[in-house]
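S.K.: Take a look and give me a structure for this.
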Amino acid sequence: MIWLWAIAAYLCGSIPFGLLIAKAATGADVRTVGSGNIGATNVARAAGKPAAIATLILDAAKGLLPVLLAARSPDAPPALAAVCAVAAVIGHCFPLWLRFRGGKGVATGFGVSLALAPAAAAAGGLTWLVLYKLFRISSVGSLAGVAVALAVAAFTADRQAIFGVAGVALIIVLRHRPNIRRLLARRES
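M.R.: Numbers count the residues shown, from 1 in each chain. Got it, this is the predicted structure:
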């Protein structure tokens with residue numbers, strides 16, 4: 001049962017909303033612009049702020065929905081929601097439809113965190129917003145937001161939710177390795 005749910009969550013997470021929205025808005029392939037990423041930050045570069053906001057909302061929703069459904073499933077094992085959370089973020093980062101080249105998982109991670117640990121998601125989202133406004137560097141806000149979300153989850157969520165948030169945080173940090181290198185070299189734009 002867990003594997004069927006995980007596959008469904010992966011497939012849901014793998015819907016490339018950023019690519020679809022940017023193509024609909026401008027006809028451009030977001031993968032050929034800026035970082036080549038399909039996430040909201042690069043969609044903003046390729047198609048503008050309204051397209052980026054739509055991408056952010058839909059990318060979060062594709063993480064939120066499978067985790068909420070799993071959490072509310074009758075007779076669900078305790079780890080089901082956490083497994084679906086990680087699977088949805090993996091789907092966004094490594095979508096089958098795009099030869100496993102997707103986004104960095106931040107918006108989808110926010111969505112799954114909303115379902116697993118709402119206080120942690122709120123704290124992480126607020127951290128991202130404040131740091132992005134201060135520095136205008138999305139990766140700074142994203143990485144700090146992930147750290148804050150994980151710390152808040154450790155104090156406010158149950159053990160299974162903490163494992164789910166930790167798994168998602170690990171994926172997001174690993175997907176940000178090039179950004180971390182550029183940040184350390186003071187070359188991140």
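
S.K.: now the lengthiest helix in the chain, how far from the centre of its chain.
M.R.: Longest helix in the chain, counting residues (DSSP state H): helix 49-72. Centroid separation between helix 49-72 and its chain, computed with Cα atoms, centre = their mean, to the nearest Å, is 9 Å.

S.K.: by contact count, what packs against the helix or strand just after that helix?
M.R.: Next along the chain after helix 49-72, taking DSSP states H and E as the criterion, comes helix 80-93. Here helix 80-93 touches helix 2-13, helix 49-72, helix 106-116, helix 159-175, going by 3 or more Cβ pairs under 8 Å, 6 or more residues apart in numbering; DSSP states H and E. In short, each C-beta sits where N, CA and C put it, glycine included.

S.K.: can you put these in TSV and add distance to S138, mean pLDDT and mean neighbour count?
M.R.: Converted to TSV, the helices and strands packed on helix 80-93 look like this (distance: least, Cβ to Cβ, whole Å; pLDDT from 0 to 100; neighbours: other Cβ atoms under 10 Å):
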stretch	distance to S138	mean pLDDT	mean neighbour count
helix 2-13	20	97	18
helix 49-72	10	97	21
helix 106-116	8	98	29
helix 159-175	12	98	21
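
S.K.: closest one to A24 among these?
M.R.: Between A24 and those, the shortest separation by Cβ to Cβ is 8.2 Å, and it involves helix 49-72.

S.K.: CA atoms only for stretch 37-47, dumped as CSV, please.
M.R.: Output in CSV follows, covering the C-alpha atoms of stretch 37-47 (Å, rounded to 0.1, in the frame of the first residue of the first chain):
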residue,chain,number,x,y,z
ASN,A,37,15.1,25.4,-13.5
ILE,A,38,11.3,24.8,-13.7
GLY,A,39,10.6,26.4,-10.3
ALA,A,40,8.9,29.7,-9.5
THR,A,41,12.1,31.7,-9.2
ASN,A,42,13.1,30.9,-12.8
VAL,A,43,9.6,31.2,-14.1
ALA,A,44,9.7,34.8,-12.8
ARG,A,45,12.7,35.4,-15.0
ALA,A,46,11.1,33.7,-18.0
ALA,A,47,7.5,34.8,-17.8
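
S.K.: what does that stretch rub up against?
M.R.: Residues outside stretch 37-47 that contact it (Cβ atoms under 8 Å, 6 or more residues apart in numbering) are 16-19, 21-22, 25-26, 28, 30-31, 33-36, 51-53, 55-56, 59, 95, 98, 102-104, 106-107, 138.

S.K.: Show the buried residues in the residues you listed.
M.R.: Neighbour-count burial within those applies to 16-19, 21-22, 25, 30-31, 33, 35, 51-52, 55-56, 59, 95, 102-104, 106-107, 138; the criterion is 16 or more other Cβ atoms under 10 Å.
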